[in-house]
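> next comes the sequence, and after it the predicted model I'd like to discuss.
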Amino acid sequence: MTKQILISGFGGQGVLFTGKFLAYKGLIEDKHVSWLPSYGPEMRGGTASCSVIISDEPVGSPIVSKPDILVAMNIPSIDRFEDSVVPGGVILYDSSLIDRDVKRSDVSAYGVPATKMASDNGIPTLANMILGGKLLAILGEQGEEGIRAALAKVISAKHADMLDVNLKALQLGANA
Amino acid sequence: MADKVLMKGNEAIAEAAIRAGCRHYFGYPITPQTEIAAYMAKRMPKIGGTFLQAESEIAAINMVYGAASAGKRAMTSSSSPGISLKGEGISYMAGSDLPGLIVNVQRGGPGLGGIQPSQSDYFQSTRGGGHGDYHLIVLAPASVQEMADMTVKGFDLADKYRMPVMLLADGTMGQMMEPVSLDLSIAEAPEKPWATTGTKLARTHNIVNSLSLVPEELEKLNNARYAKYEIVKKNEVMYEEYMMDDAEICVVAFGIAARVSKNAVVAARKNGVKVGLIRPITLWPFPTDVVAKAADKAKRFISVELSMGQMIEDVRLAVNGKAPVELCYRVGGMIPTPEQVLDAIENGGAKE
């Protein structure tokens, strides 16, 4: 079983962080994982994305060109990657920033107003993790132990106080 | 996998270098390898090492020359245009028989090119890169784990043969994160009686120099160096064979191109195509004998590269006319997809 995930949004929305969290969660669960960011000028204010692969097999190419799951956090991301999702795949998007429906009818689409929810709940920087929570719910992967362990890996010791709000964001997403 | 951590390829190189005993890093920032310098800047001061951001790439490689002359494990890192600048210093190191590690996290060229991944410095790396007759040992990792392992191996080989070693990666390998075990096997650095460590009035002067004005002498030095290269060719070739046992089609690819190709080989096998992969890990010395042996059975070869076709020349030399060798490539920072490689395997005549 191999899951190819593409997370995309504006630089600063935390798409790389969410990807890293998912990769670490896979690593903790003894999966083969890879994480590959887009890098370069497009990171400065433009669209940032990262490829995450979580698999029972060793990972070949780390580049996700045909995602099983697309997480889109802005309009340029959904415009650019919607067509690349495999038939039967998942498109999860921030419906507070993407004010159009998913055009594809052969994928499962989930709109979550993550940015609005984050703002309403006093965690305005964590829309990414609200979507992350929804993604784990869609995948049926909500074991809190693995989630906590992965968060502890991606949140540096200096910011340890951020662990609980990240958990809260994941929970909000899971219930959305 | 409990003992594994997620690291970027660039970070894994830096950490492995420190664990291998490198305490002298000299560099100049350039995308996509800057994490190596950043990591060294953070760690070296804490462990009594030297991190120095030089005024240029040329300065940095000459600082490596200096530290290596004094018998220390030293390294520099850069990306393609920066490596060209280092060419003179690398040639001087080769001419002075100095060990050292040079990391090239390649980007698209020529010229300033772009910042996305490339493998178009294959010629430059495997043919020396600077002036004069010389080779580098060129290591081409294809995973973050190998980035770490080959860094350690690189220092060992450099010391063993007294020659500069290049670790040839690309932007993808540098930027991607994968689980890596840092439980690396580190050998003691050998004694370096030739190093300029001060005579303490107990021995004659050691001289590290590439200047030799007497032609007869310089010829001797070149011949001796090439005799050494023959030993390297005999002993140090590294490669991986994947599904080659019954392969009628042989894909040859290194680094990121090999990972993409592996996906394509798996997909083609599912379709009943007898295809395998040879992945050179040392680009110099190239696994010529392995490719030559494969040519006894395989009917077609495909060289998959992020260049206009550079390694394909070594593949053709090894195949030696026994089978056609095709090219499958993308350039300029683009990477072939597994589908493109699969199409090349199944339909041949691989083009961009």
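Everything's here; your move. Small disclaimer: the values here were computed from a predicted structure and weren't measured.
> going forward, measure contacts between C-alpha atoms and count neighbours the same way
Fine.
> helix or strand right after the helix or strand hosting A:I138?
Following DSSP states H and E, the helix or strand that holds A:I138 is helix A:127-139. Proceeding N to C from helix A:127-139, the next assigned helix or strand is helix A:144-154, under DSSP H and E.
> check which helix or strand the nearest residue to A:Y110 once chain neighbours are set aside maps to.
Spatial nearest neighbour of A:Y110, chain neighbours left out: A:L92 (4.8 Å); criterion: C-alpha to C-alpha, 6 or more residues apart in numbering or on different chains. Under the criterion DSSP H and E, the helix or strand holding A:L92 is strand A:90-94.
> dump the helix or strand just after that strand to PDB, restricted to CA.
Using DSSP H and E, the helix or strand that directly follows strand A:90-94 along the chain is strand A:108-112. Provided in PDB are the C-alpha atoms of strand A:108-112 (Å, rounded to 0.1, in the frame of the first residue of the first chain):
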ATOM      1  CA  SER A 108     -13.800  12.400  -3.500                       C
ATOM      2  CA  ALA A 109     -13.700  16.100  -2.700                       C
ATOM      3  CA  TYR A 110     -13.800  17.500   0.800                       C
ATOM      4  CA  GLY A 111     -14.000  21.200   1.400                       C
ATOM      5  CA  VAL A 112     -13.100  22.400   4.900                       C
END
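> which residues of the stretch 251-352 of chain B fall in strands?
Per DSSP state E, counting those that start in this stretch, the stretch 251-352 of chain B carries strands over the ranges B:275-280, B:282-284, B:300-305, B:325-329.
> picking that back up, so how far is the helix holding A:I138 off the chain centroid?
The chain centroid and the centroid of helix A:127-139 are separated by 7 Å, computed with C-alpha atoms, centre = their mean, to the nearest Å.
> assign a three-state SS to residue 119, would you?
Defaulting to chain A. The three-state label for A:S119, taken from DSSP: H, G, I helix; E, B strand; the rest coil, comes out as helix.
> sorry, should have said chain B
Of the three states, B:Q119 takes coil under three-state DSSP.
> thought it was touching B:N104?
No. Taking C-alpha atoms under 8 Å as the definition, B:Q119 is not a contact partner of B:N104, at 10.1 Å.
> between those two, which one's more packed in?
B:Q119 (32 against 25; other C-alpha atoms under 10 Å in any protein chain shown).
> OK, contacts around the closest residue in space to that one that isn't next to it in sequence?
Spatial nearest neighbour of B:Q119, chain neighbours left out: B:L306 (4.8 Å); criterion: C-alpha to C-alpha, 6+ apart. B:L306 makes contacts with B:117-120, B:257, B:329-331, B:333-336, as judged by C-alpha atoms under 8 Å, 6 or more residues apart in numbering or on different chains.
> kindly recompute the last result at 6 Å.
Neighbour list for B:L306: B:118-119, B:329-331 [criterion: C-alpha atoms under 6 Å, 6 or more residues apart in numbering or on different chains].
> how many residues are close by the residue nearest to B:L342 when sequence neighbours are not counted?
Residue nearest to B:L342 in three dimensions, not counting chain neighbours: B:A264, with 4.8 Å by C-alpha to C-alpha, 6+ apart. By other C-alpha under 10 Å, 28 other residues sit near B:A264.
> what of A:P124?
As a burial measure, A:P124 scores 15 neighbours (other C-alpha under 10 Å).
> same check on A:N128?
Counted with other C-alpha under 10 Å, residues neighbouring A:N128 total 30.
> one more: the one 3 residues further on?
Residues near A:L131, counting by other C-alpha under 10 Å, number 31.
> per-residue pLDDT, it?
pLDDT, A:L131: 98.
> give the buried residues for the helix holding A:I138.
Applying a neighbour-count criterion of 16 or more other C-alpha atoms under 10 Å in any protein chain shown, one finds A:127-137 buried in helix A:127-139.
> now the residue nearest to B:Q119: how far from B:P336?
Relative to B:P336, B:L306 is positioned 8 Å away (criterion: C-alpha to C-alpha, to the nearest Å).
> quick one: residues contacting A:K66.
Under the criterion of C-alpha under 6 Å, 6+ apart, the contact list for A:K66 reads A:84-86.
> turn the residues you listed into a markdown table, columns for secondary structure and neighbour count.
A markdown table is the format used below for those (DSSP: H, G, I helix; E, B strand; the rest coil; neighbours: other C-alpha atoms under 10 Å in any protein chain shown):
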| residue | secondary structure | neighbour count |
| --- | --- | --- |
| A:S84 | helix | 16 |
| A:V85 | coil | 23 |
| A:V86 | coil | 18 |
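> dump those residues to TSV, plus pLDDT and distance to B:M163.
As requested, those are exported to TSV (pLDDT from 0 to 100; distance: C-alpha to C-alpha, whole Å):
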residue	pLDDT	distance to B:M163
A:S84	97	47
A:V85	98	48
A:V86	98	49
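> which one among the residues you listed gets closest to chain B?
Compare each of the contacts of A:K66 with chain B using C-alpha to the nearest C-alpha and the shortest gap goes to A:S84, at 12.9 Å.
> residues near the residue of the stretch 101-250 of chain B at minimum distance from chain A, how many?
Ranking the residues of the stretch 101-250 of chain B by distance to chain A (C-alpha to the nearest C-alpha) places B:M176 first, at 4.3 Å. Other residues near B:M176 come to 25 when the count uses other C-alpha under 10 Å.
> that one contacts A:V33, correct?
No. Under the criterion of C-alpha atoms under 6 Å, B:M176 lies out of contact with A:V33, with a separation of 10.6 Å.
> which regions of chain A lie under the pLDDT threshold?
A:40-45 (pLDDT under 70).
> which parts of it sit against chain B?
By the rule C-alpha under 6 Å from any C-alpha of the partner chain, the part of chain A lying against chain B is A:30, A:34-36, A:60-61.
> not counting sequence-adjacent ones, nearest residue to residue 83?
Looking at chain A here, since you left the chain open. Using C-alpha to C-alpha, 6+ apart and skipping residues adjacent in sequence, the residue nearest A:D83 is A:R104, 7.6 Å away.
> I was thinking of chain B, sorry if that wasn't clear
With C-alpha to C-alpha, 6+ apart, the residue lying closest to B:I83 is B:N104, at 6.7 Å.
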